[in-house]
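**Student:** Mind looking at a prediction? Sequence and model below.
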Amino acid sequence: MMGDSVKNETWWSTIEETPVNIEKLLLLCHNQGQLEKESYIVDCLTPAQIDAKSRCANCNARVKRRPRASTPLNHITLNATDRNEEDHGKIDTPGSKDIQKRGKPRTESTAQDLKSAATPPRPKCRYHTGRVRYKIFSCCRKHVSQPGCVIEQEHTLPPFNDPKAR
């Protein structure tokens, strides 16, 4: 029969390092420019970027660390030296006058400030300690769509060497 002479066996061997094989392998690789064009992250992340991606160990929410300004900028004054000498005869522009930010100065207290001081701060972290069984948490017997039964004021960051955090 004809089927007896054809064998369906594959002989495996190592790939030889020939210029043709190397060229074909290089065609499968993308260069850094192509990866950047497709929005891949090709540079190493800075420690600040890594901190921005940290998540709470309990509720898995992204922890936001915003740098706080030491003093707010309420008033900016432009001097005559900041203006161009050529603009002397022209009409005043909004940029040539004193600029003041909108809003009330911080020294005045408003009813909203007094109201917020009387109420406790809203909790940031809500999570469940139990497991999900049939769409119900074992810790509080609530449905999975309900908010957490444990409430904390601050998020808990995982330890630095925690393998789950990676």
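**Tutor:** Arrived safely, thanks for sending. Numbers count the residues shown, from 1 in each chain.
**Student:** and the closest residue to T129 other than its chain neighbours, which of the three is it?
**Tutor:** Distances taken as CB to CB, 6 or more residues apart in numbering place C139 nearest to T129, at 4.7 Å, with adjacent residues excluded. Glycine gets a C-beta too; all of them are placed from N, C-alpha and C. When classified by DSSP: H, G, I helix; E, B strand; the rest coil, C139 comes out as coil.
**Student:** now do I151
**Tutor:** When classified by three-state DSSP, I151 comes out as strand.
**Student:** ok, what's across the strand from E152?
**Tutor:** In this entry, E152 is beta-bridged to C125, by DSSP bridges.
**Student:** no wait, R62
**Tutor:** R55.
**Student:** and the gap between it and E17?
**Tutor:** Counting by CB to CB, to the nearest Å, the gap from R62 to E17 is 46 Å.
**Student:** so where do the helices sit in the protein?
**Tutor:** For the chain, the helices defined by DSSP state H occupy 19-28, 32-37, 47-52, 111-118.
**Student:** Pick out the shakiest of these, pLDDT-wise.
**Tutor:** Note on the helices of the chain: helix 111-118 shows the lowest mean pLDDT, a mean of 64.
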